[in-house]
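Novice: Let's see this in three dimensions:
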Amino acid sequence: MDKQTYKFSNSSTDFYFDGSISELKDIVDIKHTIVITDENVFKAHTAKFKPFKTIVIPAGEKNKIQKTVDSIILQMIGFEADRRSFVVGVGGGVVTDITGYVASIYMRGIRFGFVPTSLLGLVDASIGGKNGIDVGVYKNIVGFTKQPSFILHDLTFLTTLPEVQWQNGFAEIIKHACIQDADLFKELQSHDLKFYMTNKEETSALIQRNAQIKLNVVQHDEFEKAERRLLNFGHTLGHALENQYKLMHGQAVSIGMVYAGHISEKQLRFKQNPLIKEVLEKYGLPTQFEFDKKKVFDIVKLDKKRDRKEMNYILLNKIGKATIETISLAQLEKFIGSL
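Specialist: A predicted model of the protein is given here:
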């Protein structure tokens, strides 16, 4: 296994690219490790979990709540987990978010690692140390920033990933291209979803490239004081739409990126929004959505990125170059009302 170690402010994470879940035995003590996964991943890959004490949770964002956390903790107590135990989240973003959160609070904190199984998890959700749960329609409003001990990539999990989940992951890949990598955007323009679904080597390279983009940002700004905020492009409005209208994360972020592009046009004279729409649609993602603007703004104004009566909103100067713009809530309400 090829190991690359990334250092953060007070910890480090070992990355194992192109690995296998069977190699966990070389990373952790299996006897004292508990695996958390969801019912969809467990059903599709049951044999992979045979060596482990496994907790299976219901699948879906609607289960990323305290009730699920309580259930996991009770099962961990049943497994006699102690402060030297290790927890490994094997799944998509919901599983890794919950696993990191549970590990951060169980006995005031135990070690944890991830085996992301979705494209979204591989390129985004598992990376950066943000762990948490939702409360009502407010997404990720409770949680910790704590880095996993390791992240292991096993791309065989992608063989059972539904096409809609590939689309879901490409929203974050397109986001990375929009905010920081114009060359990646051109590459995405020249290919399509089917190309990556059927070309393992190209997909592996794409995943590593996107993981590196996010890792580099997080290393420079682990606790989101400056540069890391750029990763929220499309997320402010996207998160408000996601839980309010039961959209998939990638779908909501896709819509959020297009609308952020519209605001960029008004604020920064951004001219390339048609190209972003074209690429999003090429990868099967929505670019417009009818929504109750007042209800959505009421959620937006309580977003974590709010600073009193202003919002730190991520806009684009051009594809590959994002910027943080401070917009008053009153102005933002007008922008959303005009979408």
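Novice: Tell me how far the nearest residue to Val28 once chain neighbours are set aside lies from Ala330.
Specialist: The spatially closest residue to Val28, leaving aside those adjacent along the chain, is Phe86, at 4.8 Å (C-beta to C-beta, 6 or more residues apart in numbering). Heads up, the C-betas are built off the backbone N, CA and C, glycines and all. Distance check for Phe86 against Ala330: by C-beta to C-beta, to the nearest Å, it reads 49 Å.
Novice: picking that back up, would you mind measuring from the residue nearest to Val28 to Ile34?
Specialist: 7 Å.
Novice: Phe86 and Ala330: who's more crowded?
Specialist: Here Phe86 and Ala330 are set side by side on neighbour count (other C-beta atoms under 10 Å), and the busier one is Phe86, at 21 against 9.
Novice: Next, that one: phi, psi?
Specialist: As for Phe86, its main-chain torsions (degrees, to the nearest 10) stand at phi -130, psi 140.
Novice: Which strand residues bridge it?
Specialist: Applying DSSP bridges to Phe86 yields these beta-bridge partners: Thr33, Arg111.
Novice: On the pLDDT front, check it for me.
Specialist: Phe86 is assigned 98 on the pLDDT scale.
Novice: What sits closest to the most centrally placed residue in the chain if chain neighbours are left out?
Specialist: Within the chain, one residue has its C-alpha closest to the average C-alpha position: by C-alpha atoms, centre = their mean, that is Ala125, at 2.6 Å. Beyond its immediate neighbours in the sequence, the residue positioned closest to Ala125 (C-beta to C-beta, 6+ apart) is Gly93, lying 3.1 Å away.
Novice: Which of the helices and strands in the chain ranks last by mean pLDDT?
Specialist: strand 306-307 (a mean of 74; mean pLDDT, DSSP states H and E).
Novice: quick check, distance from that strand to the centre of its chain.
Specialist: Between the mean C-alpha location of strand 306-307 and the chain-wide mean there is a distance of 21 Å, by C-alpha atoms, centre = their mean, to the nearest Å.
Novice: For it, which strands pair with it and how are they oriented?
Specialist: Taking DSSP bridges as the criterion, strand 306-307 forms sheet pairs with strand 310-318 (antiparallel).
Novice: Follow the chain on from the partner strand and name the next helix or strand.
Specialist: On the C-terminal side of strand 310-318, the nearest following helix or strand under DSSP states H and E is strand 321-328.
Novice: How many residues are close by Tyr9?
Specialist: One correction, residue 9 is Ser, not Tyr. The local packing count at Ser9 equals 11, with neighbours defined by other C-beta under 10 Å.
Novice: where do the strands sit along the stretch 101-250 of the chain?
Specialist: Read by DSSP state E, counting those that start in this stretch, the stretch 101-250 of the chain holds these strands, from start to end of the chain: 111-116, 130-135, 138-145, 150-152.
Novice: most neighbours per residue, which of the ones you listed?
Specialist: The densest packing among the strands of the stretch 101-250 of the chain, expressed as mean neighbour count by mean count of other C-beta atoms under 10 Å, is seen in strand 111-116 with a mean of 26.
Novice: can you list the residues that contact it?
Specialist: Applying C-beta atoms under 8 Å, 6 or more residues apart in numbering, the contact partners of strand 111-116 are 21, 24, 27-28, 86-93, 96, 99-100, 102-104, 121-122, 125-126, 148-154, 157.
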